[in-house]
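would you be able to build a 3D model of this:
(chains A and B)
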Amino acid sequence: AQSVAQPEDQVNVAEGNPLTVKCTYSVSGNPYLFWYVQYPNRGLQFLLKYITGDNLVKGSYGFEAEFNKSQTSFHLKKPSALVSDSALYFCAVRDQGRNAGNMLTFGGGTRLMVKP
Amino acid sequence: GAVVSQHPSRVICKSGTSVKIECRSLDFQATTMFWYRQFPKQSLMLMATSNEGSKATYEQGVEKDKFLINHASLTLSTLTVTSAHPEDSSFYICSADLAGYEQYFGPGTRLTVT
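Model prediction:
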């Protein structure tokens, strides 16, 4: 079974400050990891993914995430937050194993509030 | 990039009626599509996995006779909420599988049952 934990329901940060949204995962094999952002009454927008290779992944809108296998984490980061980054962020995992299927498991979501 | 559309974006229906939601992959073929349900301020919950040309696989607790899924072509899957009730009001999101490891999501459909 695979699972994702986003330990913070909400993260508050001042505009211009760095932000981190935490994510830890559990899979039986190697993971595919994803971050998505959701604005009110909208579907999910893809931010970035880790498949293999470099542990530091760069994505859309200046976001990046670091895959840490030993800590089973994939925290989302941005050096300088914008008010427009305020949204709901979801981390998701999928097991790479051939027999694992292609189902994504989502974390509970973290609301990011960036204040001017 | 890969684009997934959903129609309608919003629908209001009366209790007891049925509603059909369409999910289309616009510029790629998807052998697998997924249907999710999202309650306010909550995460996405997978309802079912839809495979082209075969029966959908439903998650535990999801009534297959109430949520009818049809995946008749490689670019279209439909979700029909039958005999809708107010508790079925929710945000329904579909996704389409590309290359076996990445899903692209539709914009969602807000269903309100009165």
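
how about the residues of chain B that lie near chain A?
Proximity of chain B to chain A, by CB under 8 Å from any CB of the partner chain, involves residues B:6, B:32, B:34, B:41-44, B:46, B:49, B:91, B:93, B:95, B:97, B:100-108, B:110. No exception for glycine: its C-beta is placed from N, CA and C like everyone else's.

looking at those residues, which are in helices?
Taking DSSP state H, every one of the residues of chain B next to chain A sits outside helices.

show me where pLDDT drops low in chain B?
Within chain B, the stretches with pLDDT under 70 are B:1, B:99-101.

ok, and what's touching stretch B:49-62?
The contact list for stretch B:49-62 (CB atoms under 8 Å, 6 or more residues apart in numbering or on different chains) reads A:101, A:103, B:30-35, B:45-48, B:64, B:67, B:69-74, B:77.

10 Å instead, please
Residues from elsewhere that reach stretch B:49-62, judged by CB atoms under 10 Å, 6 or more residues apart in numbering or on different chains: A:101-103, B:23, B:29-37, B:45-48, B:64-65, B:67-79, B:94, B:96-97.

from the chain's centroid, how far away is that stretch?
Taking CA atoms, centre = their mean, to the nearest Å, one finds the center of stretch B:49-62 at 11 Å from the center of the full chain.

so which bits of it are buried?
B:49-52, B:56-58, B:62 (16 or more other CB atoms under 10 Å in any protein chain shown).

got the CA coordinates for it in PDB?
Provided in PDB are the C-alpha atoms of stretch B:49-62 (Å, rounded to 0.1, in the frame of the first residue of the first chain):
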ATOM      1  CA  THR B  49     -10.300   3.700 -12.600                       C
ATOM      2  CA  SER B  50     -11.700   3.700 -16.100                       C
ATOM      3  CA  ASN B  51     -10.100   1.500 -18.800                       C
ATOM      4  CA  GLU B  52     -10.900   1.800 -22.400                       C
ATOM      5  CA  GLY B  53     -13.100  -1.000 -23.600                       C
ATOM      6  CA  SER B  54     -13.500  -2.700 -20.300                       C
ATOM      7  CA  LYS B  55     -15.400  -2.300 -17.100                       C
ATOM      8  CA  ALA B  56     -14.300   0.300 -14.600                       C
ATOM      9  CA  THR B  57     -12.600  -0.700 -11.300                       C
ATOM     10  CA  TYR B  58     -14.300   0.900  -8.400                       C
ATOM     11  CA  GLU B  59     -12.700   1.800  -5.100                       C
ATOM     12  CA  GLN B  60     -14.100   0.300  -1.900                       C
ATOM     13  CA  GLY B  61     -17.300   2.100  -0.800                       C
ATOM     14  CA  VAL B  62     -18.100   3.500  -4.200                       C
END
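
burial check on the residue nearest to residue B:26 when sequence neighbours are not counted, number of neighbours?
Excluding its sequence neighbours, the residue lying closest to residue B:26 (CB to CB, 6 or more residues apart in numbering or on different chains) is residue B:3, at 4.3 Å. Residue B:3 is flanked by 13 other residues according to other CB atoms under 10 Å in any protein chain shown.
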